[in-house]
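Q: kindly return the folded structure for what I paste below:
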Amino acid sequence: MEDTIYKLTSPLMGTFYRASAPGNPPLVEIGQKIKSSDVVCVIESMKIFTELRSEYSGIVKEILVENEDLVMKKQPLIIIDKDVSGLI
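A: Next up is the predicted model:
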C-alpha cells in the first residue's frame, strides 16, 4: 500500500501558498482528483514564485501545511494516493 503514496516535497525553503494569487481559490482540495503535471501549490522564496506540479495522477489525501506557512527544503507538503484504479 505504501508504494501508492506520493509525498510532494518542497524543493526549496520559502512560503507555502495553496492558491496561485491572493483571493483565488486553492489549487487543490483534499479528495480532489489530479493529473500528473497539475500545479498543486506555490512556494515563494526571495520574491520568486515557484509552481509545484505533481509527478503523478491520483487523489489528494492530505495537505500537511497551512497556507502561508514557512516550509523547509525537502519538507513534505501534500500526500497523493497514486492508486486510482477504477476511479479515472
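Q: so Ile5 bridges to which residues?
A: Asp81 (DSSP bridges).
Q: tally of neighbours for it?
A: When neighbours are defined as other Cβ atoms under 10 Å, Ile5 has 15 of them. The way it works is simple: take the backbone N, C-alpha and C, and place the C-beta from them, glycine included.
Q: any idea how far it is from Ser54?
A: Ile5 sits 13 Å away from Ser54 when distances are taken as Cβ to Cβ, to the nearest Å.
Q: hmm, Pro25 is touching Asn67, no?
A: No. In this structure Pro25 lies outside contact range of Asn67 using Cβ atoms under 8 Å: 11.6 Å.
Q: between those two, which contacts overlap?
A: Common contacts of Pro25 and Asn67, defined by Cβ atoms under 8 Å, 6 or more residues apart in numbering, comprise Ala19.
Q: quick one: which of the two has more around it?
A: The residue with more neighbours, out of Pro25 and Asn67 and counting by other Cβ under 10 Å, is Asn67; that gives 12 against 9.
Q: what score does the more buried one have for pLDDT?
A: In this model, Asn67 is scored at 96, pLDDT.
Q: which residues touch it?
A: Asn67 is in contact with Phe16, Tyr17, Arg18, Ala19, Pro26, counting by Cβ under 8 Å, 6+ apart.
Q: secondary structure element for it?
A: Using DSSP states H and E, Asn67 maps to neither a helix nor a strand.
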